[in-house]
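Engineer: sequence below, structure please.
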Amino acid sequence: MSHVIPTGHTLREMRLSARLTQKALAERTGLSQALISRIERGSVDPRISTLRKIIDVLNSLVIHSTYARDIMRSPVISVNASQPLRVAVELMKRYDISQLPVMRAGSVVGSIQESTIIQKIAQVKEVSSLFQEPVDKFMEEPFPFISPETPVEDLVILLSKGIPALLVMERKKLVGIITKIDLITALLKKGEGFQLIKGGASS
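Structural biologist: Numbers count the residues shown, from 1 in each chain. Model (predicted):
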């Protein structure tokens, strides 16, 4: 039976897909970083046993990798900055969400959250008039932007810092949103098969 031997370029692409640096891959395989670098450049012909070590590690990581694109919710429910606050509240109720990105002319300009609205309500006497005010009077800073390729371990770090949501941007376009419950649910579904990958990718 014939076997296809992967090129150094293919191994490099697999490593980047697994979000590993050469150093991290070297630690997992027990090989030297210098050897892995030479294999990826094609300047050395490695033994089959050496290739097997690399491929086994990379295959296991790629299989279990999870990225923002796998977790995000799309399309994103948002509210326009000029719309009255009541519209934001109605959207939150309709879609059972507690925060919204705020848009203006197709771009993200801020965010609005249930907690902020409650704080504002506590500061006024006439609540009904509050809901007629434009959203941009109540909005806060936009939620952090991330790419669809952001690995799940980075999502865990960001959302563990108190950030309520992350906006997934691709080519300057809003393509998805990830909240804490989205991440928790994704990890729950992964169960025992889930694995956090340590070590970021290099270029």
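Engineer: give me the local confidence score for the residue positioned nearest the centre of the chain.
Structural biologist: The residue lying closest to the centre of the chain (CA atoms, centre = their mean) is A68, at 3.1 Å. With respect to pLDDT, A68 scores 93.
Engineer: before we move on, what about A201?
Structural biologist: Value listed for A201 in the pLDDT field: 41.
Engineer: do E40 as well
Structural biologist: Here, the pLDDT recorded for E40 equals 93.
Engineer: ok, now the one 10 residues further on?
Structural biologist: On the pLDDT scale, T50 is placed at 92.
Engineer: and it, how far is that from L85?
Structural biologist: Here T50 is placed at a distance of 62 Å from L85 (CB to CB, to the nearest Å). Placement of C-beta: from N, CA and C, glycine included.
Engineer: these two: which has the busier surroundings?
Structural biologist: Between T50 and L85, L85 has the larger neighbour count (other CB atoms under 10 Å), namely 21 against 16.
Engineer: make sure that one is actually in contact with Q132.
Structural biologist: Yes. With contact defined as CB atoms under 8 Å, L85 reaches Q132; the gap is 7.3 Å.
Engineer: from the contact counts, what lies against the longest helix along the chain?
Structural biologist: When the chain is parsed with DSSP state H, its longest helix is helix 48-64. With contacts taken as 3 or more CB pairs under 8 Å, 6 or more residues apart in numbering; DSSP states H and E, helix 48-64 sits against helix 8-17, helix 22-29, helix 33-41.
Engineer: strands of the chain, residue ranges please.
Structural biologist: With DSSP state E as the criterion, the chain has strands at 79-80, 99-104, 107-113, 145-146, 165-170, 173-179.
Engineer: what's the closest of the helices and strands packed on helix 48-64 to N80?
Structural biologist: For N80, the closest of the helices and strands packed on helix 48-64 is helix 8-17, at 37.8 Å, according to CB to CB.
Engineer: same for that closest one, what does it pack against?
Structural biologist: helix 33-41, helix 48-64.
Engineer: buried sites along the first one?
Structural biologist: When neighbours are counted by 16 or more other CB atoms under 10 Å, the buried residues of helix 33-41 are found to be 35-37, 39-40.
Engineer: what is the nearest of the residues you listed to V156?
Structural biologist: Nearest to V156 among those is I36, at 27.1 Å by CB to CB.
Engineer: so the residue nearest to the centre of the chain makes contact with P148?
Structural biologist: Yes. A68 lies in contact with P148 (CB under 8 Å); the separation is 5.3 Å.
Engineer: any common contacting residues for the two?
Structural biologist: 168, 176 (CB atoms under 8 Å, 6 or more residues apart in numbering).
Engineer: so where's this structure uncertain?
Structural biologist: For the chain, the stretches flagged by pLDDT under 70 are 1-5, 61-65, 189-203.
Engineer: what does the domain assignment say about it?
Structural biologist: 8-65, 69-193 (automatic domain parsing).
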